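> Fold the following.
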Amino acid sequence: MLGLPKNTELNKQLPKKAIYAKFQMNTSAKDKIDSDIARMSIVNEVSPSRINIAAGEAVKGFYVLCVYLKKKEFDEKNIITISKIIPQKLIMILVYENESRLASISYPTDDDAMGENGKYIH
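As a prediction, the model looks like this:
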């Protein structure tokens, strides 16, 4: 999808029910995510174990998460929630019908100037 090397491809479904159970999400949080997100798949892992690339100092590798949306106008907070509960560096592809866009969320270090709510949404 992003033109990444074939060795990085994973295509692992990430069931929402497993996320809800693992992170003990309440009904309200589940309903919010369910209203916007149809399904999620990890489609790539970019790391030294998958391709000939050196690990960075701050980022050793990252995953590409494809998030299939139920509607074009979604609540950004749900994407932020997903980024918080998955303890990996992520680049997300937000897909709605035949449209897609990239999203990444970073949490600043002490040396960085903080964005709104203490995070950067790109």
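
> The longest strand along the chain pairs with which strands, and in what direction?
For the chain, the strand that runs over the most residues, judged by DSSP state E, is strand 37-46. The pairing partners recorded for strand 37-46 under DSSP bridges are strand 9-13 (antiparallel), strand 62-69 (antiparallel).

> For that strand, C-alpha coordinates in CSV please.
What follows is strand 37-46, C-alpha atoms only, in CSV (Å, rounded to 0.1, in the frame of the first residue of the first chain):
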residue,chain,number,x,y,z
ILE,A,37,-13.7,1.9,13.2
ALA,A,38,-14.8,-1.1,11.2
ARG,A,39,-11.6,-3.1,11.5
MET,A,40,-7.8,-2.8,11.9
SER,A,41,-4.8,-4.7,10.4
ILE,A,42,-1.1,-4.5,11.0
VAL,A,43,0.1,-4.4,7.4
ASN,A,44,3.9,-3.7,7.8
GLU,A,45,6.7,-3.9,10.3
VAL,A,46,9.7,-1.7,9.4
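
> three-state assignment of residue 59?
Three-state call for residue 59 (DSSP: H, G, I helix; E, B strand; the rest coil): coil.

> List the contacts of the spatially closest residue to it that is not a sequence neighbour.
Once flanking residues are discounted, residue 59 sits nearest to residue 89: 5.4 Å by Cβ to Cβ, 6 or more residues apart in numbering. In short, each C-beta sits where N, CA and C put it, glycine included. When the contact criterion is Cβ atoms under 8 Å, 6 or more residues apart in numbering, the partners of residue 89 are 59, 61-63.

> Check the residues you listed against residue 71 and report the nearest one.
Residue 71 lies nearest to residue 63 out of the contacts of residue 89, by Cβ to Cβ, at 24.4 Å.

> Surely the closest one and residue 88 touch.
Yes: using Cβ atoms under 8 Å, residue 63 makes contact with residue 88 at a distance of 5.2 Å.

> Name the residue in these two with the higher neighbour count.
Ranked by neighbour count (other Cβ atoms under 10 Å), residue 63 and residue 88 place residue 63 first, with 20 against 11.
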